[in-house]
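Chemist: give me a model of this one.
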Amino acid sequence: MEDERGGLVPDGATFARALDALKRDGSNILLVGEETEAAHETVCQRLFGPPERESVYRLQVSGEGTRVACESACHAPEANWFRTIEYSGLATEPGTNPTVRGGPESPRELGIELVEAVDEFADAADGFEPAELRVCVDSLVPLCREYEIETVFRLLHLATSRVDRARGIGHFHLPLARDRDVVSLVEPLFDAVVTVRSRDGIAEQRWSLRDPELSTDWLELSRPN
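Modeler: Residues are numbered from 1 along each chain as shown. Okay, the predicted model is just below:
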């Protein structure tokens, strides 16, 4: 079957096996699509996992005023399983004080703090089971605006590599159009790109995996139960 762009759409079983492999082996997912906050939030809820689920370690990386999805999606009832890193106060010039007291002052420090947080979770878990670690970064837009793309790329490489080693699931919000240059530049770091949109009040998603034959058509996006 072909999608609306004339490309081949994988059958349900093939795509389901590909998603199972991402859960089993660890994966990093880039979420794109502008002016679709509700759709970003719905995907975030699915990838972060239900908050009542135990034995899932959740790391939220965001900052006040930078979130597009995590305000209600990223929370957990047990503090030992949940940690937040605020990065909205990253300094744009040497010596600038961060807005968030005690927060990282540069992308490099942010990357180090993220890795250290995952390491602490790994020690508490005595090693992760597949998909036991969930990481949400919401959003990448302020970093892309304030820093050179090479700096952001190095940060993302550090973060995605650590998630891969933990066999976790990381998702990174970049609420921009799919065809923006910055999306193309960072896309190679990710196992999948999920584009979200809203049409006639209905949220939709389209998955694009590294294998070009494993891309879906637009699918209705419903909130998890």
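Chemist: do you know the pLDDT at residue 102?
Modeler: Listed pLDDT for residue 102 reads 50.
Chemist: what do you get for the one 5 residues further on?
Modeler: With respect to pLDDT, residue 107 has a value of 93.
Chemist: which residues touch the closest residue to it other than its chain neighbours?
Modeler: In space, and not counting its chain neighbours, residue 107 is closest to residue 155: 4.4 Å by Cβ to Cβ, 6 or more residues apart in numbering. Placement of C-beta: from N, CA and C, glycine included. The contact partners of residue 155, by Cβ atoms under 8 Å, 6 or more residues apart in numbering, come to 107-108, 110-111, 143.
Chemist: which pair in the residues you listed has the greatest spatial separation?
Modeler: Using Cβ to Cβ, those span at most 11.9 Å, a distance reached by 108 and 143.
Chemist: of the two, who's got more company?
Modeler: Comparing residue 108 with residue 143 by neighbour count (other Cβ atoms under 10 Å), the higher total belongs to residue 143, at 21 against 13.
Chemist: touching, the more buried one and residue 107? I think so.
Modeler: Yes: counting by Cβ atoms under 8 Å, residue 143 touches residue 107, with 6.5 Å between them.
Chemist: give me the contacts around stretch 163-173.
Modeler: Residues contacting stretch 163-173 (Cβ under 8 Å, 6+ apart): 22-31, 40, 43-44, 47-48, 68-70, 118, 122, 128-140, 156, 159-160, 190.
Chemist: list the buried residues in that stretch.
Modeler: Residues 163, 166-173 are the ones in stretch 163-173 that count as buried (16 or more other Cβ atoms under 10 Å).
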